[in-house]
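1. What would the 3D arrangement of this be:
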Amino acid sequence: MSLRQNASPRRPSQRGQGGANELVQLVIAYAKQETVDPVRRQMRRLGRGLGGAVLLAVGTTLLAVGFLRALQVELGGGGRNPAPFGTGAHLAGNLSWVPYMGAALLCLAVSAGCVVLVVKRGRR
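-> Residues are numbered from 1 along each chain as shown. Below you'll find the predicted structure:
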């Protein structure tokens, strides 16, 4: 006797359902692979990008405030605490806006640098 004779033959309905179940599982796995996985990858990238943007914004703000304060102390003078190095009141009175413009230009320079990097990476 051969093995084929001892094995119970499958009925056609069982064979068809096994194939249908496999097909359904295959379609579900393919749909997850093509929809859910790319969305998860993009969400991770978005999270990293937003985290980097927040850190860059906080760092730029602190840098601008420090730059503003340095200009006010070193070149502003005339306040409660005079400049420690005796630089005088070069930016007092009508020129008190200059340190603020310097800080704003610093922020714009950092923003322009970020835009240039994004544009360069987009061309790759």
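2. Show me the shaky parts of this structure.
-> 1-17, 76-89, 92, 124 (pLDDT under 70).
3. what residue is smack in the middle of it?
-> G49 (0.7 Å; C-alpha atoms, centre = their mean).
4. does it belong to a helix or a strand, and which?
-> Assigned by DSSP states H and E, G49 belongs to helix 37-71.
5. After that helix, heading C-terminal, what element do we hit next?
-> Using DSSP H and E, the helix or strand that follows helix 37-71 in sequence is helix 98-122.
6. Would you mark the buried spots in that next one?
-> Across helix 98-122, burial judged by 16 or more other C-beta atoms under 10 Å covers P99, G102, A103, L106, C107, V110. Using the backbone N, CA and C atoms, a C-beta is placed for each residue, glycine as well.
7. Using CSV, please lay out those together with distance to M43.
-> Listed next are the buried residues of helix 98-122 as CSV, based on distance: C-beta to C-beta, whole Å:
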residue, distance to M43
P99, 41
G102, 39
A103, 35
L106, 33
C107, 29
V110, 27
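8. quick check, nearest of those to V65?
-> Checking the buried residues of helix 98-122 against V65 with C-beta to C-beta, the nearest one is A103 at 7.2 Å.
9. Surely that closest one and F67 touch.
-> Yes: with contact defined as C-beta atoms under 8 Å, A103 reaches F67; the gap is 5.4 Å.
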